[in-house]
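J.: My questions are about this predicted structure, shown below with the sequence.
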There are 2 protein chains.
Amino acid sequence: MPKRLIQYDFPRPAVTVDLVAFRVQQDTLELLLIERDQPPFAGRWTLPGAFVHENEPLETTASRILQEKAHLEGIYLEQLATFGKPGRDPRGHVLSVAYFAIVNAATVDEGKTHWFSVDALPETGFDHDDIIATAVQRLRGKLTYTDIGFAFLPDTFTLTELQKTWQAVLGTPLDKRNFRKSILSQQRVVATGEKSSGGAHPPAMLYRWQPER
Amino acid sequence: MPKRLIQYDFPRPAVTVDLVAFRVQQDTLELLLIERDQPPFAGRWTLPGAFVHENEPLETTASRILQEKAHLEGIYLEQLATFGKPGRDPRGHVLSVAYFAIVNAATVDEGKTHWFSVDALPETGFDHDDIIATAVQRLRGKLTYTDIGFAFLPDTFTLTELQKTWQAVLGTPLDKRNFRKSILSQQRVVATGEKSSGGAHPPAMLYRWQPER
DNA sequence: CATCATGGTGTATATGGTACACTACTCGGC
DNA sequence: GCCGAGTAGTGTACCATATACACCATGATG
C-alpha cells in the first residue's frame, strides 16, 4: 500500500498560519508582533505564526500560536484570508492562512513579543503589512454590525468603557448620547444592577453582553 | 546546498483551490458543478478544483480551473475562505482555498460540467456543501453594497434586466420604482442613449455600469 | 467645601427605506 | 387596423433610523 494516497505530481507549498492579535489598551487599538531571531527578516517585527501540523485544524494552529508565543487565550478567532503571492516568503512557496484574534486581558510582553499601536507600527517582514491592513479593515468593518467589540472587554463593563473601545477600534470619536441610545435600543447589553466604583465621579452602571436576542 | 530551504519537520498538507462559479440564467442563480469520475466520490457532483502548482498564485489556480474545466473566463474572482477541517478529504490532509467567480456568458455545459440552480443542488462530495453555502451567503451579502452584481450582465443592460439579476441572486422580489430610484441615485450606472429593441413592449433605455463615482 | 471627572439624559432635524398603481408604448396575431 | 400581451416608466406619503447638540447630578479627593 502506497504511503501517499494522493496522486499529486507537484511539489507542495508549505502552509503556515499567521495571527493578527488585537487588544485595546489605554484607549488604543494594539496588535501583537514578535521579533524574529532567524533569517529571513532576522531582527524584523513580524506577525506570530507557525507551520500547520499534520491533520491539525487551521483554527487549532491559530490558537496554538497565541498560546505558545504569548501565553494567551483568544476570546475571538476568525479566519481572515489566505495569502499566497509568489515571493512573499524568500524561502520558497509558502502559503499563509491569516487569522485574527481578539484578546481582552491586560498582559505584559512575553519573550520577544510586543504590543504596538496600529497607528505606530514598525517595519515588518514578509507581506505582513498586507495582512495587517486586511485585518484592521475587517475588524473595523465588522465592529458595528456584529458583537465582535465585546471581545475586547471583560464580562461586565460600563457604557463609557464600551464607547472608548469602539472609538479606539474605529479611530474616530462617537457621540455619547447617540452611542448609548443605539447600543441600548439594539438590546445587545443588559444592566447587571451592579455599579462600578472608584474614580472621581459617580458610579456607573455595569452591563453585560447579551449574545442572542 | 539543501534542496529544501525551509526547516519544516511536519508532513505538508496538499493544497487545492475549489471554485464556486455563479451565473444568472433565466432569472435563476446557478452554479457550476462537475461530475467526478474518480474516487473518492466517483459519480458525485463536486465543485471544480485543482491542486496548486509550484509558485502559482492562488488566483491563477482559480482562473485556470475555470478555463480548463469549463472553457470560461470569470468576470469577477474573489477569495472566499480556506477549508481545512481534518477528514474533509478521505485521501488525507488536504486544504482547500475556495474562490468564487461570476460569469456572464450564456454557455453550454462542457464535458462533465453542469449548471445547477442554487435552489436545486444535487448531493455533493467532500465538504462542498459548506463551501457553497459560504459562497452563496457572501455573494448575497455583497450584492447591495458592492458592484458585484454587474458582473452577471453584459456591457449594456436595461434596468429591468439588472433588477431581475438582483432578484435571482437574492431570491426575493424587489419593488420596481424603489429599485430604480436607488440604483439611479447611487449613480452606479449611466444611460448610454441607446435603447433596447425587440419584445412586445416599448424599447427600454440601455445603461452601462460606471465603476467609479 | 471647592474642584475635578465622569454619569446620565431628550429633542429636533435630516436622511434613507418602504409601500403602493397607473398610463404609454411596441409587437405580434388575427 | 385592431386588439391583447407584456413591459417601460414615473411620484408621493409614511416610517424608521441616524445625527447634532448641552446641561445638571454625583462621588472622590484634598
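T.: In hand now; what should we look at?
J.: how about the strands of chain A, start to end?
T.: Read by DSSP state E, chain A holds these strands, from start to end of the chain: A:14-25, A:28-35, A:45-46, A:49-51, A:76-83, A:94-102, A:113-117, A:156-157, A:189-195, A:205-209.
J.: helices and strands of chain A: which one bottoms out on pLDDT?
T.: Ranking every helix and strand in chain A by mean pLDDT, DSSP states H and E puts strand A:189-195 at the bottom, with a mean of 93.
J.: Would it count as contacting DNA strand D?
T.: No - using C-beta under 7 Å from any atom of the strand, strand A:189-195 stays clear of DNA strand D, with a minimum separation of 8.5 Å. Where C-beta positions appear, they are placed from N, C-alpha and C, glycine not excepted.
J.: Run me through the strand neighbours of that strand, direction for each.
T.: If you go by DSSP bridges, strand A:189-195 pairs up with strand A:205-209 (antiparallel).
J.: follow-up on the earlier one: need the contact partners of the least confident helix or strand of chain A.
T.: Applying C-beta atoms under 8 Å, 6 or more residues apart in numbering or on different chains, the contact partners of strand A:189-195 are A:T156, A:L159, A:L162, A:I183, A:P203, A:A204, A:M205, A:L206, A:Y207, A:R208, A:W209, A:Q210.
J.: ok, and the most crowded of these?
T.: A:Y207 (23 neighbours; other C-beta atoms under 10 Å in any protein chain shown).
J.: which strand residues sit across from that residue in the sheet?
T.: Beta-bridge pairing of A:Y207 under DSSP bridges involves A:F157, A:A191.
J.: Tell me if I'm right that it and A:F157 touch.
T.: Yes - the pair A:Y207 / A:F157 is scored as a contact, 6.2 Å apart, by C-beta atoms under 8 Å.
J.: The lengthiest helix in chain A packs against which elements?
T.: Secondary structure of chain A per DSSP state H: the longest helix is helix A:128-143. Packing partners of helix A:128-143 (3 or more C-beta pairs under 8 Å, 6 or more residues apart in numbering or on different chains; DSSP states H and E): strand A:14-25, strand A:28-35, strand A:76-83, strand A:94-102, helix A:159-170.
J.: re earlier: filter the contacts of strand A:189-195 down to the ones near DNA strand C?
T.: A:L159, A:P203, A:A204, A:M205.
J.: Flag the shaky bits of chain A, pLDDT-wise.
T.: A:1-9, A:213 (pLDDT under 70).
J.: which bits of it sit near DNA strand C?
T.: Counting by C-beta under 7 Å from any atom of the strand, the residues of chain A close to DNA strand C are A:158-160, A:176-178, A:180-181, A:195, A:199-205.
J.: OK, contacts around A:A106?
T.: A:Q25.
J.: can you check the one 4 residues further on too?
T.: Neighbouring residues of A:E110 by C-beta under 8 Å, 6+ apart: A:K69, A:A70, A:H71.
J.: Roughly how far does the closest residue to the last one other than its chain neighbours sit from A:L32?
T.: Sequence neighbours aside, A:E110 is the residue nearest to A:H71 in space, at 5.5 Å (criterion: C-beta to C-beta, 6 or more residues apart in numbering or on different chains). Counting by C-beta to C-beta, to the nearest Å, the gap between A:E110 and A:L32 amounts to 9 Å.
J.: shared neighbours of those two, which are they?
T.: By C-beta under 8 Å, 6+ apart, the residues touching both A:E110 and A:L32 are A:K69, A:A70.
J.: circling back: please tell me which one of the residues of chain A next to DNA strand C counts the most neighbours.
T.: Neighbour max across the residues of chain A next to DNA strand C (other C-beta under 10 Å) = A:L159, 18 neighbours.
J.: Against B:A120, how distant is that one?
T.: Taken as C-beta to C-beta, the span from A:L159 to B:A120 is 48 Å.
J.: One more: A:R91?
T.: 47 Å.
J.: and the two? which has more neighbours close in?
T.: The neighbour count for A:R91 versus B:A120, taken as other C-beta under 10 Å, is higher for A:R91 (13 against 8).
J.: quick one: the more buried one and A:F41 touch, right?
T.: No - counting by C-beta under 8 Å, A:R91 stays clear of A:F41, with 10.5 Å between them.
J.: what's the overlap in contacts for these two?
T.: Shared contacts of A:R91 and A:F41, defined by C-beta under 8 Å, 6+ apart, are absent.
J.: Please name the residues that touch A:N55.
T.: Contacts of A:N55 (C-beta under 8 Å, 6+ apart): B:P86, B:H93.
J.: got it, and A:Q210?
T.: A:Q210 sits next to A:Q187, A:R188, A:V189, A:V190 when contact means C-beta under 8 Å, 6+ apart.
J.: Compare the residues you listed and tell me which is most surrounded.
T.: A:V189 (20 neighbours).
J.: Distance check, that one against A:T156.
T.: Look at A:V189 and A:T156: by C-beta to C-beta, they are 10 Å apart.
J.: so what sits against both of those two?
T.: With contacts defined as C-beta under 8 Å, 6+ apart, the residues adjacent to both A:V189 and A:T156 are A:Y207, A:R208.
J.: Name the residues of stretch A:145-159 that are buried.
T.: Within stretch A:145-159, the residues that count as buried by 16 or more other C-beta atoms under 10 Å in any protein chain shown are A:D147, A:I148, A:G149, A:F150, A:A151, A:F152, A:L153, A:T156, A:F157, A:T158, A:L159.
J.: Now tabulate those residues in TSV and tack on distance to A:P57.
T.: Formatted as TSV, the buried residues of stretch A:145-159 follow (distance: C-beta to C-beta, whole Å):
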residue	distance to A:P57
A:D147	23
A:I148	21
A:G149	26
A:F150	25
A:A151	20
A:F152	25
A:L153	27
A:T156	32
A:F157	31
A:T158	37
A:L159	37
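J.: hmm, which two among those residues are most spread apart?
T.: Farthest pair in these (C-beta to C-beta) is A:I148 and A:T158. Separation: 19.0 Å.
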